[in-house]
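Asks: Everything below, folded, please.
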Amino acid sequence: MSRIGRMPIAIPAGVTVTLDGNTITVKGAKETLSREIHPNMHVAVENNEIVVTRPNDEKQNRALHGLTRSLIHNMVIGVTEGFKKELDVNGVGYRVAKQGKDLVMNLGFSHQVVMSEIPGISIEVPGPNKIIISGPDKQKVGQFAAEVREKRPPEPYKGKGIKYVDEHIRRKEGKTGGKKK
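Replies: Take a look at the predicted model:
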């Protein structure tokens, strides 16, 4: 049995969970999230807990068991607390700003890079070198943060670029000397 899959998910106060066929909807104070679940997985709401079970021990069902439970758990956390990713911008002249709903980045290109907020995601810029992306859907937050980071990934020689706050960049030495005659 999957260790993660067999753990029940506690439903906090103020959160309602509804099942409609293969669709689960989690409604909380911040937002409402809905997701299609695989037809092999059985989801039940029993005395303030969500329980995910699988019909048998086939390889696909074992794989889906823990995944389904994790996705539903992330939905419950998302509607109560939300998720956030923090990014740092390092480099001389590299800076970010928020103009309306757009994230405007100066990243050493001949032009500014502009990214618009997508529905369900909010962008904060507390300083010229910091970006905070937050929202209730863990997948959307992570994907948008990856797309922002992709505009100028950190390079290994000076560490310039956009990196996650908790990311460590392996540094390289660089050239070791002048020309040899």
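Asks: All the strands of this protein, residue numbers only.
Replies: Secondary structure of the chain (DSSP state E): strands at 9-10, 16-20, 23-27, 32-36, 42-46, 49-53, 83-90, 95-99, 102-106, 113-116, 122-127, 130-135, 161-164.
Asks: Can you add mean pLDDT and give those back as TSV?
Replies: Below are the strands of the chain laid out as TSV (pLDDT from 0 to 100):
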stretch	mean pLDDT
strand 9-10	93
strand 16-20	93
strand 23-27	95
strand 32-36	94
strand 42-46	92
strand 49-53	93
strand 83-90	95
strand 95-99	94
strand 102-106	94
strand 113-116	94
strand 122-127	94
strand 130-135	96
strand 161-164	96
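Asks: Looking at those strands, spot the one closest to residue 66.
Replies: Across the strands of the chain, residue 66 has its closest neighbour in strand 49-53 (8.7 Å, Cβ to Cβ). (Each C-beta comes from the backbone N, C-alpha and C, glycine too.)
Asks: before we move on, the earlier item: relative to residue 67, which of the strands of the chain is closest?
Replies: strand 49-53 (9.5 Å).
Asks: Any chance of the strands of the chain in JSON lines with distance to residue 153 as columns?
Replies: Shown next, in JSON lines, are those (distance: least, Cβ to Cβ, whole Å):
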{"stretch": "strand 9-10", "distance to residue 153": "35"}
{"stretch": "strand 16-20", "distance to residue 153": "39"}
{"stretch": "strand 23-27", "distance to residue 153": "34"}
{"stretch": "strand 32-36", "distance to residue 153": "30"}
{"stretch": "strand 42-46", "distance to residue 153": "38"}
{"stretch": "strand 49-53", "distance to residue 153": "36"}
{"stretch": "strand 83-90", "distance to residue 153": "11"}
{"stretch": "strand 95-99", "distance to residue 153": "15"}
{"stretch": "strand 102-106", "distance to residue 153": "13"}
{"stretch": "strand 113-116", "distance to residue 153": "13"}
{"stretch": "strand 122-127", "distance to residue 153": "19"}
{"stretch": "strand 130-135", "distance to residue 153": "14"}
{"stretch": "strand 161-164", "distance to residue 153": "5"}
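Asks: nearest to residue 63, of those strands?
Replies: Per Cβ to Cβ, nearest to residue 63 of the strands of the chain: strand 49-53, 12.9 Å.
Asks: got the angle for that closest one vs strand 23-27?
Replies: Put simply, strand 49-53 runs at 160 degrees to strand 23-27, going by axes from the mean of the first three to the mean of the last three Cα atoms, to 10 degrees.
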